[in-house]
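J.: No letters, just coordinates:
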């Protein structure tokens, strides 16, 4: 059977609900919704192995923020969205004074829909070397490291192994990994940010058994920040066909073929990736150093 | 009714053939196929108004080359593809010694699937100023001008009007316009180059009544070179639904909505656009200055 | 004799003062100094032909703002510098309601110290097409066009001729041309913005007799905005030698050779060009549409 | 006393020769000159501690190739220069079949004159992951890893430490580090490539005591490839003043100040860095996999 692809926990719940074969309730999963700074926030908590099996995701907390307002360029949307994201991230990080953080931007900077991670690193304030030289000059600023591990095809080294090696040097108290995701619904492309306290397994959607980037492998809590930038073309096709009253379950190979290399993405993905990477970078900076304003960050980043 | 979108004449013939309401033969259109340097070449000639009405395209000759081999990185594929494209282009241009050419790269360089035109200009040898200063130093080289007119949103001026103004200064004997296209079939994305002796009407696929870039407006023959880089998401959906045995003709608005802003494109479109723009640039240089080798062009462009 | 190169009127006054052969006073030139938003502002007015001959510049008003504070990343320096620059520009433009403006960004975007013009265009709000379609939706916004004419080597066409052709289409009431300059003093590199109501002659520092971009050629007042990004290496050498107590007047060829192709520039010129182009773009937007805040501009530009 | 800065061993010999206080001969240093593929090759061997002290560089072999021909775009210069560089590199690497290599591109990709390292990595064929999956499909190709360690200011981690961690994962038999250098003479900017079997100490020219990237720290021989892209402005000034018959030894602070942040560099450094990075990347690929042609490399890199 063709499996519709999504990296979003909230969509995994949706897909579970559509499964004809599934009777009864989804157990081991707690969902809730609320608003923050006017943006809808959905939480999915997977609390046991049954929930993890049902959704195909590790146990943990997944928070999704819808940032339509930003995309529509509403008044002051950028500041509000950065505030909302920083607040959610801060709650997940639970940092104490003096604790340090490593930010890792996953993905390939040469492929626009995959460049969210590297672009976010550009908008992250790296401070550890400054603080080591002049700790008194930066009150309220914690030590931050950042790394862009590249992809296997450009380094020859799995990004998980590279980040592990960097964590061995920097010995951070928390790790934040930022990556591009695939959604199931086109409406969520570049309009949703997912935070998860589970870390991530790079390329897990593709089915490769790669090493995870999480507390087990790095020895520190890992928060994953992800943004869907594409819908797999096969997933879109399967959805369209089923809405058209047909199923393509008898032809999964055709859908796999369609999805191999082809994605559905906004025509102006270049601009979206720039905007959202800036948003996430600013939110990270604000969550890590609570005294900063967006003006301070702009001056620091240049 | 929802209209499947394509900028390729060979696909327009295909779509005509699928129209249930159309009985009899497509008159006023002559199609043929052959190979050049091992690449399949399809020709569609629209010879009268009935053909033009049927296909929704101006009368003229449309030549399509399939460059799968290049995409698959076969041995020496780049040189062969450049040779093939240069030969087809040369036949359409029919230049005499000393005639000059203006190359115009349409599209928005900040949007990857729309950047074929601007990127091609980067790979075009601009020579007119050199020849004016030292004509004897460049035997066999003709005068070439190049312009990247941008898009309405970044200049405030229609690209057709800007090119007309530039043609008024440069007074070229031929104009080549390069642009990104939309295909109907995903299999053709970044794998097909279309040459047409009709010029083009920018954004014509979208339905705006814009001024054309053609012999009538510029006073010189205009050859259009186009490469499909996307399939409109609505067109893909309609195709998928009909293959799934359903039609969405009762819901054209949903398809229009899907297509608005969303496109189906290769995940590594950045690399494809770079490769194909280089191919077209080299083919243009070889067609305009027949004595040049690819090595010469590499040295000139730096 | 080797001629020290500068595009800044205030430095031309300096160099005149150093000329041993010149006795008496510089007539036909009025200089003054003041502050705006805390930034030093120097004005040089050339009021007759004697002044123009002495300084080697056309008659007109040249205003220089020193933006050291911005470079040093002082608090709120960006907003203050944009306000100051917008105010000076506004006084030179003297626009009435409904008058339109063409912004032209001169230079080669592929050469960092020459990319101030093209980068400024990226930060300029282009509005004419929006206002033509929905005039009532944009109260207080005037029609703005923008053009990046490229350089002779990439288009084959003089930028002055291209801008003239575009002005023929857009028929603007004012033209703003933005370009990178050469300074004589390294301390002024990327720290000074010059406004001039004289327009400019592209590449005039190099000694080529090119057509001007000014009221005479375009039929509308032309304000030039320039930023020195380099010091000619020969000029630096001559200055150093003379400070060391020697003169190189007997060896002008060595200095010309040194200056040919070599420039003195900040190591992080890439970052400076980005920052200053953004500053100028914002100042232009604020001067043209007085009701806008920097937040509005950020939202518009994306 | 102001110390003229150079990272080139051949210039260090020159500067030693100019030192008035130095009597007698430079002992512990063997210099020689020859040609390869028509390009001048100079070798400086530092064979003992006296030589190392005199030149301020570690013991080892330094080979410099002058590639003026490339810069002047002579016929087939690229292929010849790549061949020459590959041959010199091959002799220094002395690789046996099956041995693997890590290529590290030092420097800041956002600062053009510092981007030689990162740009070279882009032109390096990374093969280790391919060979691990399908060893039989790539006969004659060795395992290559590549890393772009960034700079302290963008990661918070010394590049030497990061490379050490990566070497710990990849366990390469050789390491090649590529970096931008400072020359003393403007004539050598972007016209010279230095190979050294000593490894390097990043930022050593600046006087910081940083950890080395060499056999001692990495456990494998380290070959450094460097290209001067700038002359320190203070060094140029001191040279000019002394040629003008003056010395600035009484004013070293002024020269330090001039050199702080200002460099002398070609106006079109962007194009030079692109060309030379491509040259070095191709030479590395040819030295590591002797059966490859430049066409093969172009196809692989895309």
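T.: Done, it's in. In this text the structure is predicted, and so the values were computed from the model without any measurement.
J.: pretty sure residue A:42 belongs to a strand, no?
T.: Yes: remark: residue A:42 belongs to a strand, assigned using DSSP: H, G, I helix; E, B strand; the rest coil.
J.: ok, and the closest non-adjacent residue to it?
T.: The shortest distance from residue A:42 to any non-neighbouring residue, by C-beta to C-beta, 6 or more residues apart in numbering or on different chains, is to residue A:64 (4.6 Å). C-beta coordinates here come from the backbone N, C-alpha and C atoms, glycine included.
J.: what about that neighbour, which SS state?
T.: Assigned with three-state DSSP, residue A:64 falls in the strand class.
J.: ok, what's across the strand from it?
T.: Beta-bridge pairing for residue A:64 (DSSP bridges): residue A:42, residue A:194.
J.: Contacts only, for it.
T.: Residue A:64 is in contact with A:8-10, A:41-44, A:192-195, counting by C-beta atoms under 8 Å, 6 or more residues apart in numbering or on different chains.
J.: Quick check: the gap between it and chain C.
T.: Taken as C-beta to the nearest C-beta, to the nearest Å, the spacing of residue A:64 relative to chain C amounts to 23 Å.
J.: For that residue, give me the pLDDT.
T.: If you check residue A:64, the pLDDT there is 98.
J.: Count the residues that sit near the nearest residue to residue A:38 once chain neighbours are set aside.
T.: The spatially closest residue to residue A:38, leaving aside those adjacent along the chain, is residue A:80, at 6.5 Å (C-beta to C-beta, 6+ apart). Each residue near residue A:80 was counted by other C-beta atoms under 10 Å in any protein chain shown, and the total is 18.
J.: so residue A:80 touches residue A:39, yeah?
T.: Yes: in this structure, residue A:80 sits in contact with residue A:39. The criterion is C-beta atoms under 8 Å, and the distance is 7.4 Å.
J.: can you give me the helices for the stretch 101-250 of chain A?
T.: Per DSSP state H, counting those that start in this stretch, the stretch 101-250 of chain A has helices spanning A:116-122, A:128-133, A:152-155, A:159-170, A:215-218, A:233-243. These are given in chain order.
J.: contacts for the second one?
T.: So the one you mean is helix A:128-133. By C-beta under 8 Å, 6+ apart, helix A:128-133 touches A:100, A:137-138, A:141-145, A:170, D:152-153, D:156-157.
J.: What parts of chain A come near chain D?
T.: On the criterion C-beta under 8 Å from any C-beta of the partner chain, chain D has as its neighbours in chain A the residues A:121, A:126-129, A:143-148, A:150, A:152-157, A:161-162, A:165-166, A:168-170.
J.: ok, of those residues, which come out buried?
T.: Taking 16 or more other C-beta atoms under 10 Å in any protein chain shown as the criterion, what is buried in the residues of chain A next to chain D is A:121, A:126-129, A:143-148, A:150, A:152, A:154-157, A:161-162, A:165-166, A:169-170.
J.: So which residue is smack in the middle of chain A?
T.: Among the residues of chain A, the one closest to the centroid is residue A:226, at 1.1 Å (C-alpha atoms, centre = their mean).
J.: That one: what's it in contact with?
T.: Residue A:226 makes contact with A:7-8, A:116, A:178-181, A:193-194, A:196, A:200, according to C-beta under 8 Å, 6+ apart.
J.: With adjacent residues omitted, what lies nearest to it?
T.: Here the residue nearest residue A:226, using C-beta to C-beta, 6+ apart, is residue A:181, at 4.2 Å.
J.: dump the residue contacts of the one you found.
T.: In this structure, residue A:181 makes contact with A:7-8, A:194, A:205, A:226-229, judged by C-beta under 8 Å, 6+ apart.
J.: if we go to 7 Å?
T.: The neighbours of residue A:181, taking C-beta atoms under 7 Å, 6 or more residues apart in numbering or on different chains as the test, are A:7-8, A:194, A:226-228.
J.: So which of these are in strands?
T.: Residues of these located in strands (DSSP state E): A:194, A:226-228.
J.: Highest neighbour count among these?
T.: Ranked by neighbour count (other C-beta under 10 Å), the ones in strands among the contacts of residue A:181 have residue A:227 at the top, with 29 neighbours.
J.: Just to check, that one is in contact with residue A:193?
T.: Yes: taking C-beta atoms under 7 Å as the contact criterion, residue A:227 and residue A:193 are neighbours in contact, 5.5 Å apart.
J.: ok so, going back, gap between the residue nearest to residue A:42 and residue A:50?
T.: The span separating residue A:64 from residue A:50 equals 22 Å under the rule C-beta to C-beta, to the nearest Å.
J.: Can you check the contacts of residue A:64 and name whichever has the most neighbours?
T.: Neighbours here are counted as other C-beta under 10 Å. On that basis the top member of these is residue A:193, with 28 neighbours.
J.: Contact partners for the residue lying closest to that one once chain neighbours are set aside?
T.: Residue nearest to residue A:193 in three dimensions, not counting chain neighbours: residue A:65, with 5.0 Å by C-beta to C-beta, 6+ apart. By C-beta under 7 Å, 6+ apart, the contact list for residue A:65 reads A:39, A:41, A:84-85, A:88, A:193.
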